[in-house]
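# Below are the sequence and a predicted model for it; my questions follow.
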2 protein chains.
Amino acid sequence: MQPENKMDILKSYIEAKGLKSTTQRDFIADTFFRTNTHISLDELLKKVRRKTPNIGYATVYRTMKLLTECGLAISRQFGDGQTRYENLPEDGHHDHIICTECGKITEFANVEIEALQEQVVRRLGFHIQYHKLELYGLCRDCSAHAGRAPGMHALGGG
Amino acid sequence: MQPENKMDILKSYIEAKGLKSTTQRDFIADTFFRTNTHISLDELLKKVRRKTPNIGYATVYRTMKLLTECGLAISRQFGDGQTRYENLPEDGHHDHIICTECGKITEFANVEIEALQEQVVRRLGFHIQYHKLELYGLCRDCSAHAGRAPGMHALGGG
DNA sequence: GATCCAATTGAAAATGAATGTCTTTGTCAT
DNA sequence: ATGACAAAGACATTCATTTTCAATTGGATC
Ligand SMILES: [Mn+2]
Ligand SMILES: [Mn+2]
Ligand SMILES: [Zn+2]
Ligand SMILES: [Zn+2]
């Protein structure tokens, strides 16, 4: 989906909720929509402040909360204490493999796993809402250099 | 495994590391070993303070860190902002389903899912270290009462 | 364009989990 | 009993996120 279309969805959501459009919010949202990484709030704030230096911390937090609420952003916690956000993926749900050495995040989707999850849930009498599957390990590069070049852990990167 | 045996393992670990035995640590560990829930630090502290009212926050944190380090405890983050700990399971690894309404945690193990994960990881050139699979949804009870009796969200419970 | 009012902003303070600091206390080998 | 050093407990600190609140802004209406 194009950033413009996402902006339209946001506009609709804002209108439906009786909220108001603001230049700050629009700019933060647009900046995020043009991102294709799993971006942290700090990174996003930094990016936004390049053009709008006096934008507030809280505004970015509030905007990302809003985008998450209306389904345009997904929040992820990969265990480094920082919430990351990614754009709603075109091709449906996916899960992640995270390199514990360099922080590289790789996405994958596996219908068999998803199906098995459904089965498990059904057997246990639950009604599933969402799930979280994260694999942690060493990426190819970091496996090769194993031992040397320790802990950069540059998760993401704007 | 019996709490006594776990205590022996802890004692060995302490000795091997050149640490010292203390009554507080032993009591916290013992209390934890006799727990069979996914207990939060607050809950554990509360439990411990019933018999030892002046025990410190930090001591419980430090003890659980130690137990995690020597493999007797597993730390879990189920997204409510509190780290929970569970005893090392007898029967190997398992994953969790968490009820988003009442907080009930149900455990499950599925060898097929685990095998598929291995496959995915190998294909992507990663060397897996650990993983996190959490399913979130409504338990049988909460599905039944759907709509009424909102949000107690008493995850765990000491 | 002026007016009104609720939504929004940004700065600063507050929160809350977890960790660090520091002084006192406890453990244990000698 | 003594000394060396780990550990406890009280308290401060960190860090991400949330809340507070006075000032500003959007946008609907006149
Ligand atoms: Mn992703
Ligand atoms: Mn468990
Ligand atoms: Zn890597
Ligand atoms: Zn439930």
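Yep, that arrived. Ligands and ions are numbered 1, 2, ... in the order given.

# mind listing what's buried in the lengthiest strand in chain A?
Criterion DSSP state E: the longest strand present in chain A is strand A:127-138. Of the residues in strand A:127-138, A:128, A:131-138 count as buried by neighbour count, 16 or more other Cβ atoms under 10 Å in any protein chain shown. C-betas here are computed from N, CA, C, even on glycine.

# Out of those residues, which are close to chain B?
By Cβ under 8 Å from any Cβ of the partner chain, the members of the buried residues of strand A:127-138 lying near chain B are A:128, A:131-138.

# Determine whether any part of stretch A:56-75 lies close to DNA strand C.
Yes: counting by Cβ under 7 Å from any atom of the strand, DNA strand C has neighbours in stretch A:56-75: A:56-59, A:62-63.

# Name the nearest residue to the residue of chain A found nearest ligand 4, sequence neighbours excluded.
Going by Cβ to the ion, ligand 4 is nearest to A:Phe126 of chain A, at 8.5 Å. Nearest residue to A:Phe126 in three dimensions, chain neighbours excluded: B:Gly137, at 4.6 Å (Cβ to Cβ, 6 or more residues apart in numbering or on different chains).

# So A:Ile97, which state does it fall into?
strand (DSSP: H, G, I helix; E, B strand; the rest coil).

# For it, give me its contacts.
A:105-108, A:134-137, A:139, B:120-121, B:124, B:126 (Cβ atoms under 8 Å, 6 or more residues apart in numbering or on different chains).

# quick one on the thing from earlier: for the helix or strand following the longest strand of chain A, buried residues please.
Next helix or strand after strand A:127-138 toward the C-terminus (DSSP states H and E): helix A:140-144. Across helix A:140-144, burial judged by 16+ other Cβ under 10 Å covers A:Cys142.

# which outside residues touch helix A:140-144?
By Cβ under 8 Å, 6+ apart, helix A:140-144 touches A:99, A:101-102, A:104, B:125-127.

# How far off centre is it?
25 Å (Cα atoms, centre = their mean, to the nearest Å).

# hmm, it touching ligand 3?
Yes: using Cβ under 5 Å from the ion, helix A:140-144 comes into contact with ligand 3 via A:Cys142.

# gap between A:Gly103 and B:Gln117?
Between A:Gly103 and B:Gln117 the distance is 20 Å, computed by Cβ to Cβ, to the nearest Å.

# Which parts of chain A are strands?
A:39-40, A:73-77, A:83-87, A:95-99, A:105-108, A:127-138.

# So which of the residues of stretch A:56-75 next to DNA strand C wins on neighbours?
Most neighbours among these, by other Cβ atoms under 10 Å in any protein chain shown: A:Thr63, with 24 neighbours.

# Now it: closest residue in space, sequence neighbours ignored.
A:Ile28 (4.4 Å).

# so what's the one you found up against?
Neighbours of A:Ile28 in contact, by Cβ under 8 Å, 6+ apart: A:44, A:48, A:55, A:59-60, A:63-64.

# Kindly indicate which of those residues lies nearest A:Ile9.
Minimum distance to A:Ile9 across the contacts of A:Ile28 is 14.2 Å, recorded for A:Thr63 (Cβ to Cβ).

# can you pull the pLDDT of that closest one?
Per-residue pLDDT puts A:Thr63 at 98.

# Test my guess that A:Cys139 contacts A:Gly103.
No: at 9.3 Å, A:Cys139 does not count as touching A:Gly103 under the criterion of Cβ atoms under 8 Å.

# Okay, domains of chain A per the record?
Domain segmentation of chain A under automatic domain parsing yields A:1-90, A:91-158.

# Residues of chain A that sit close to DNA strand C?
So chain A meets DNA strand C at A:14, A:18-20, A:22, A:24-25, A:52, A:54-59, A:62-63 (Cβ under 7 Å from any atom of the strand).

# try 6 Å
A:18-20, A:22, A:24-25, A:54-56, A:58-59, A:62 (Cβ under 6 Å from any atom of the strand).

# Those: which two are farthest apart?
A:Gly18 and A:Asn54 (27.1 Å).

# Could I get the full set of helices for chain A?
For chain A, the helices defined by DSSP state H cover A:3-16, A:23-33, A:41-49, A:57-69, A:111-123, A:140-144.

# Turn the ones you listed into CSV, columns for distance to ligand 4.
Shown next, in CSV, are the helices of chain A (distance: least, Cβ to the ion, whole Å):
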stretch, distance to ligand 4
helix A:3-16, 29
helix A:23-33, 34
helix A:41-49, 31
helix A:57-69, 23
helix A:111-123, 13
helix A:140-144, 40
